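**Q** Sequence first, predicted coordinates after that:
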Amino acid sequence: MEFTGEGAKTLSISDRIALCNMAVEAGAKTGIFEADEKAMEYLKEHGREPKAVFHSDPDAHYIREYTIDLSKVEPVVAKPDFVDNLSPAKEVRGIKIDEAFLGSCNNGRIEDLRVGAEVIKGKKVADKVRFLVVPASQTIYRQALKEGLLDIFMEAGAIVMNPNCSVCWGGSCQGVIGENEVLISTGTRNFKGRAGHPSSKVYLGSAATVTASAIKGEIALASDL
């Protein structure tokens, strides 16, 4: 699956990584973005320099093409128990949650933490809701610490953890959800039993939606606050 076009060029490297990671859920073996100056700069910053840069041929044949108007994209939520069980976020407002998770390899990046911190600054996590904030890497953790983002989360009552998979999959002891509990997460998958007890339910949303939900104690949009 190849992502290209003027809209694709506006996306950050973190955005591109998230889309490529999730391409497998659309049935692809892999996902790629057309290499551009932004990608080259990212590689340079990380001490890598490609020996060659390849692009699809102008006459390349694609099985199917989709055109997406990014100006019309609205917040969505993936409902249990599959990532393609999508619904506009506004249609699942009000579902009570026990836990919210802002993190994972895909969506615990500095841009996600900035969004979450902006939403929750000056507010508090709802009573009886656990809000886990888990940076994707040590580098991101340090950057978030430097920018004061972690202080904002902790002052709001969130639980800031060391970089790890955490509740994205229930193989960790950090944040595993219990029987019949409901989680809203920025994680990558929401399969049955993925984050804990088989009877638990996992909803997937954006950093803004997850943080707003942690504040309201139910699935909510940032615009609801």
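**A** Received the coordinates, thanks. Residues are numbered from 1 along each chain as shown.
**Q** Which parts of this structure are strands?
**A** For the chain, the strands defined by DSSP state E occupy 2-3, 32-33, 76-78, 86-88, 99-103, 130-134, 159-160, 182-185, 201-204.
**Q** most packed of the ones you listed?
**A** Stretch with highest mean neighbour count among the strands of the chain: strand 99-103 (a mean of 31; mean count of other Cβ atoms under 10 Å). (Glycine included, C-beta is placed from N, CA and C.)
**Q** How far off centre is it?
**A** 10 Å (Cα atoms, centre = their mean, to the nearest Å).
**Q** Quickly run through the sheet partners of it, with directions.
**A** strand 130-134 (parallel), strand 182-185 (parallel) (DSSP bridges).
**Q** okay, these in TSV with distance to Asp36 and mean pLDDT next?
**A** Shown next, in TSV, are the strands paired with strand 99-103 (distance: least, Cβ to Cβ, whole Å; pLDDT from 0 to 100):
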stretch	distance to Asp36	mean pLDDT
strand 130-134	30	97
strand 182-185	31	98
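**Q** Out of these, flag the one nearest Ala78.
**A** strand 182-185 (9.4 Å; Cβ to Cβ).
**Q** sorry, back to before: is it possible to get TSV of the strands of the chain that adds distance to Ala222?
**A** Output for the strands of the chain, formatted as TSV (distance: least, Cβ to Cβ, whole Å):
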stretch	distance to Ala222
strand 2-3	26
strand 32-33	27
strand 76-78	13
strand 86-88	14
strand 99-103	13
strand 130-134	15
strand 159-160	20
strand 182-185	13
strand 201-204	16
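**Q** Lys123: which of these is closest?
**A** Comparing the strands of the chain by Cβ to Cβ, strand 130-134 comes nearest, at 11.0 Å.
**Q** what residue ranges in this protein score low on pLDDT?
**A** 172-173 (pLDDT under 70).
**Q** Which stretches in it count as helices?
**A** Residue ranges of the helices in the chain, as given by DSSP state H, are 6-10, 13-22, 37-45, 110-120, 138-146, 149-155, 207-216.
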